[in-house]
Each structure stands twice: as C-alpha cells, then as structure tokens.
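Engineer: Would you be able to build a 3D model of this:
(one chain, ligands or ions: 1)
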Amino acid sequence: MVCFHFHPGEPARTVGWRDPGFIHTAFMRDLWPNKEYTYKIGHELSDGTMVSGKPYTFRAPPTPGQNSLQRIIVFGDMGKAERDGSNEFANYQPGSLNTTDTLVKDLDNYDIVFHIGDMPYANGYLSQWDQFTAQVAPISARKPYMVASGNHERDWPNTGGFFDVKDSGGECGVPAETMYYYPAENRANFWYKVDYGMFRFCVADTGHDWREGTPQHKFIEECLSTVDRKHQPWLIFAAHRVLGYSSNACTMNGTIFVVAGGGGSHLSSYTTAIPRWSVFRDQDYGFVKLTAFNHSSLLFEYKKSSDGNVYDSFTVDRDYRNVLSCVHDSCFPTTLAL
Ligand SMILES: [Fe+2]
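Structural biologist: Model (predicted):
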C-alpha cells in the first residue's frame with residue numbers, strides 16, 4: 001500500500017512497510033431513511049463455520065432535503081495516541097485521545113462525522129493506520145465517518161500532487177483511499193460530494209490542483225452550483241488546506257469561514273495579522289458541531305475536546321421565499337435563498 005504506481009516513497013516502502021492483508025468494502029443498499037439497523041462483521045473459515053464480531057447499530061441517513069434534526073461533527077488533524085503514553089514520537093498528537101473520547105461519550109447526540117484530513121499521521125508507517133482505525137472504531141462503527149485527504153495522507157514529490165513535499169512519508173494517499181470509503185468518481189482524486197438531509201457537503205482534495213481550468217475546479221463549481229438551496233440550504237465546503245482568499249476582504253458575501261484544525265495534533269501559533277473577518281480564535285483542542293433544526297435555522301458550536309463544552313457559537317437564520325412565484329409587489333425585493 002504505497003505509491004508504487006508512481007515512485008516508491010520511504011518509509012512507506014521500507015521500514016514502515018508491513019503486509020496490509022485484505023481490506024474489504026461492503027455496501028448496504030435500499031436502506032430506509034433514518035431507520036436504525038444492526039450489523040455484524042463476519043468471516044467464513046476454511047471449514048465452513050462463520051465467526052463474527054459484536055453487533056453494532058447505525059442509523060441510515062436522511063434523504064436529501066428531508067426536514068429532521070441533523071447534527072454534524074467536523075474537525076481536522078486528529079491523529080492517534082497510546083493510552084499508556086508509550087511509543088509516540090515527540091507526543092505529536094496530544095489532543096487526539098481527548099477528542100476521540102469526548103465524541104465517543106456523545107455518540108447519541110450527532111449523526112455524521114467529517115474528519116477533514118490528517119487522520120493518523122502515519123507518515124508511511126502502516127501499522128499506525130491500524131492504531132488509528134482501532135481508536136476511532138467506536139465512532140466509525142456507528143456513524144458515517146467521512147474523510148478528506150490531508151497533506152499527511154497525500155503529499156509526496158513527483159506523484160501528481162500539488163505540493164512537492166514529503167509529508168505523507170511515501171503513502172501518496174493509497175492507505176487513505178483504501179481504508180475509508182468516500183463517494184468520489186475517481187478514488188485517486190479525493191474530492192466528492194455528499195447530500196445528507198438538508199446539507200450538501202462539497203469536499204475538496206487540497207493535495208491536488210484546484211485552480212481554474214483543472215478537473216477539481218470544475219467539480220467544485222458543479223458541486224456548489226447544482227444544489228437545490230430550497231431543499232438543501234446548508235451548503236458546506238470542506239477542505240484540508242485553505243484554498244486561498246484575500247485576508248483583506250471585509251465582506252465575504254455571506255460565506256462563513258471556519259478553521260477547525262484542533263482535532264489532536266500539536267497546535268501551531270497564529271500569525272500576528274488578524275483579518276477583519278476573524279471574530280473568534282482559540283488555540284486549543286476541539287471540534288465543530290453543526291445542528292440543523294430545520295430548513296431555516298442552523299446552530300454552529302465550537303466545543304473543546306477536554307470537556308465537551310461549548311466555547312463559541314452562532315446561529316444562521318435563513319428565510320426562503322420562492323421568488324419565481326412572486327407577482328409584482330407581493331414579495332420582498334431580496335431573498336436569502338439566492
Ligand atoms: Fe495538515
């Protein structure tokens with residue numbers, strides 16, 4: 001599971017290598033929206049007997065546009081850590097266990113998770129993927145665990161990525177593409193869209209070029225422009241790296257920017273320049289929760305991993321009016337739905 005189809009990278013092809021065995025992906029189709037299902041992972045032995053793990057339950061997703069309570073968790077850069085504190089290089093992801101444990105305790109209060117890049121920080125050591133998948137299994141066994149590609153999953157020189165740096169330790173995205181499912185048209189291009197009830201998520205792959213004229217730019221435009229905002233008003237664009245925007249902008253055209261990179265890895269300091277649109281900063285471990293109560297009200301919360309409490313929040317109220325049905329003077333001149 002290294003990028004042999006490009007140029008093999010180290011340590012993924014040397015000391016970090018071990019045989020990954022088989023990794024299976026199973027699909028469950030024709031599920032009833034919002035219905036709870038129970039499943040077990042099983043294996044047929046050579047003598048024909050079946051062995052299976054313990055049962056897990058999960059709730060099938062709401063249909064696109066469905067009006068029901070929908071709660072989303074978003075964070076990046078979590079990593080993994082040992083509970084006994086052993087064997088972790090430089091204590092690189094000190095907040096990781098707190099974030100995982102807080103989310104495990106709160107399983108009944110959210111519906112889907114987006115871990116938007118930098119998952120295990122395995123950096124070419126494949127056994128660390130096992131450690132990470134085991135750490136998040138109490139969550140991912142019960143909730144959709146959606147992922148995005150981070151620099152520690154993808155970046156490696158001369159392998160078709162945008163950044164010629166060695167952050168993936170030679171993985172080139174191969175373990176990430178294999179370990180977790182995401183509905184991309186081409187799984188080597190880690191960008192995709194997901195419709196989840198009143199939400200649409202457009203997830204970009206910032207390890208690949210996104211500039212105008214590229215396939216990814218076309219995807220982003222298509223994803224953002226084709227959503228029916230009447231039925232799916234909550235349009236979320238997610239990416240590991242910031243795609244680039246002017247820090248001098250004072251109006252952001254109704255777009256709210258959130259950086260949620262405090263999942264667990266060591267924290268970087270802020271720059272001294274504070275852009276005018278930056279209203280809240282916190283240098284601590286945490287994650288973001290979006291709660292859509294209906295088509296017109298969304299609650300944003302920033303929670304710290306240490307205690308699960310809310311340290312910043314705002315609401316978005318949105319009033320949809322079907323302007324096409326308006327006759328002269330019967331509607332307000334503007335609508336938030338456009
Ligand atoms: Fe990163």
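Engineer: Show me where the stretch 101-250 of the chain has its strands.
Structural biologist: 112-115, 145-147, 192-196, 199-203, 234-238 (DSSP state E, counting those that start in this stretch).
Engineer: Partner strands of the shortest one, with direction?
Structural biologist: Partner strands for strand 145-147, per DSSP bridges, with pairing direction: strand 112-115 (parallel).
Engineer: What's the mean pLDDT across the strand it pairs with?
Structural biologist: For strand 112-115, the mean pLDDT works out to 98.
Engineer: what's the closest of the strands of the stretch 101-250 of the chain to the ion?
Structural biologist: strand 112-115 (11.8 Å; C-beta to the ion). For every residue, glycine as well, the C-beta is placed using N, CA and C.
Engineer: Run through who's touching that closest one.
Structural biologist: With contacts defined as C-beta atoms under 8 Å, 6 or more residues apart in numbering, strand 112-115 is touched by 61, 71-76, 78, 103, 136, 139-140, 143-148, 196, 201, 203, 238, 263.
Engineer: low-scoring stretches of the stretch 1-150 of the chain, by residue?
Structural biologist: Along the stretch 1-150 of the chain, segments meeting pLDDT under 70 span 1-8, 87-90.
Engineer: hmm, back to that, could you dump the strands of the stretch 101-250 of the chain to JSON lines with mean neighbour count and distance to the ion?
Structural biologist: As requested, these are exported to JSON lines (neighbours: other C-beta atoms under 10 Å; distance: least, C-beta to the ion, whole Å):
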{"stretch": "strand 112-115", "mean neighbour count": "23", "distance to the ion": "12"}
{"stretch": "strand 145-147", "mean neighbour count": "22", "distance to the ion": "13"}
{"stretch": "strand 192-196", "mean neighbour count": "20", "distance to the ion": "19"}
{"stretch": "strand 199-203", "mean neighbour count": "24", "distance to the ion": "15"}
{"stretch": "strand 234-238", "mean neighbour count": "17", "distance to the ion": "13"}
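Engineer: want to try CSV for the ones you listed, with distance to Pro157 as columns?
Structural biologist: Listed next are the strands of the stretch 101-250 of the chain as CSV, based on distance: least, C-beta to C-beta, whole Å:
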stretch, distance to Pro157
strand 112-115, 25
strand 145-147, 23
strand 192-196, 25
strand 199-203, 25
strand 234-238, 26
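Engineer: For burial, what's the neighbour tally of the nearest residue to Glu171 once chain neighbours are set aside?
Structural biologist: Nearest residue to Glu171, sequence neighbours excluded (C-beta to C-beta, 6 or more residues apart in numbering): Ala12, at 5.1 Å. Ala12 is flanked by 26 other residues according to other C-beta atoms under 10 Å.
Engineer: Relative to the ion, how far out is Ala12?
Structural biologist: According to C-beta to the ion, to the nearest Å, Ala12 and the ion sit 17 Å apart.
Engineer: which residues touch the closest residue to Pro11 other than its chain neighbours?
Structural biologist: Distance criterion C-beta to C-beta, 6+ apart; nearest residue to Pro11, sequence neighbours excluded, is Gly124 at 4.2 Å. Counting by C-beta under 8 Å, 6+ apart, Gly124 touches 2, 9-13, 16, 168-171.
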